[in-house]
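# sequence first, predicted coordinates after that:
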Amino acid sequence: MTLVVLALKVLLAPSLVAAATRTARALGHRAGGLVGGLPVVAAPIVFIYAVEHGASFAARAAQGTVLGIVSLVGFSVAYAEVGRRTSWPLALLAGWSAFLVLTLLFATRSLPLALSCVLAAVAVAGASRVLARRVSGPASSGGSDLLRWRLLATAAMVVALTTAAGSLSPWVSGLLAPFPIITAVLAAFTQAQAGADASTELLAGLVPGLASFILFFVVVGVGLPALGIPGAFALATAAALASHVVLAGRARRAQRAGAPLSGVPQRTQMSENGVGA
């Protein structure tokens, strides 16, 4: 089991980074962002909690993770706003600061799952509108994507987070599970290679995709006591993937029709390239 856990830590999240990077190259930064919105870091983290600490611990952590998505949205908005005005290291600092401030606020008191779900959904919807308005048009793909360094950075951050978070309470561990690892790697490398417009476009695709993230952990939080670890995670994975397919299909249909998404003026949406949400 130790080898399986280690493999999840060092292979699964970097694989998603590779998929998002290649998708961005082929279809545009928004499409890459949408792929990056899948819970491929947080899901294995909570699965590891279930294996190491039991289903009850993991169910509570999953409920915390739902609220932690608000902090991840805070990272994305802060990064995009600061990144438009300065360099990626300062944007990362601003984004991580926003995540940690929100996490500290949420750590003071646990909330019911229903309320956490509502707060996360409102945050995703609101941030999707804000980020979509910041996208002026399809950005250049830039030069080399430095894929090897993206993968190494992702694996290192996953190992560090899972090592630190496992010693905390289930609620706080859950709040930290959505720590922006893939989001930070994708945003920073994209800005470094293709500029701030490209990283903003990527985040404008990633944040709407967090709806699947919410759905995954709601299913895990509710399903673990009744279905056990395999059943709850299998059902949550199926639900999240189905939700992502719906989001991608909706984005394609809206773009073909020239319809605005998330309240964005039509002229902006018609100028975008690739999959959006």
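Good, I have the coordinates. Residues are numbered from 1 along each chain as shown.

# find the nearest non-adjacent residue to S71, please.
L102 (4.0 Å; C-beta to C-beta, 6 or more residues apart in numbering). No exception for glycine: its C-beta is placed from N, CA and C like everyone else's.

# buried ones in the host helix or strand of the one you found?
Assigned by DSSP states H and E, L102 belongs to helix 88-107. Buried residues in helix 88-107, counted by 16 or more other C-beta atoms under 10 Å: W88, A91, L92, A94, G95, W96, A98, F99, L102, T103, F106, A107.

# for those, which one is nearest G195?
Of all those, G195 sits closest to W88, with 9.8 Å by C-beta to C-beta.

# now do the helices in the stretch 51-200 of the chain.
Here the stretch 51-200 of the chain has its helices, by DSSP state H, counting those that start in this stretch, at 55-83, 88-107, 113-134, 147-165, 170-176, 182-194, 196-257.

# among those helices, which is nearest Y49?
Nearest of the helices of the stretch 51-200 of the chain (C-beta to C-beta): helix 55-83, 4.5 Å.

# give me the helices and strands touching that closest one, please.
Identification of packing neighbours for helix 55-83 by 3 or more C-beta pairs under 8 Å, 6 or more residues apart in numbering; DSSP states H and E yields helix 42-53, helix 88-107, helix 113-134, helix 170-176, helix 182-194, helix 196-257.

# list the buried ones in that helix?
By neighbour count with 16+ other C-beta under 10 Å, helix 55-83 contains the buried residues 55, 57-83.

# quick one: least confident helix or strand in this protein?
Every helix and strand in the chain was compared by mean pLDDT, DSSP states H and E; the lowest is helix 266-270, with a mean of 35.

# can you pull the contacts of the closest residue to A59 other than its chain neighbours?
Using C-beta to C-beta, 6+ apart and skipping residues adjacent in sequence, the residue nearest A59 is L224, 4.0 Å away. Neighbour list for L224: A50, A55, S56, A58, A59, A62, A232 [criterion: C-beta atoms under 8 Å, 6 or more residues apart in numbering].
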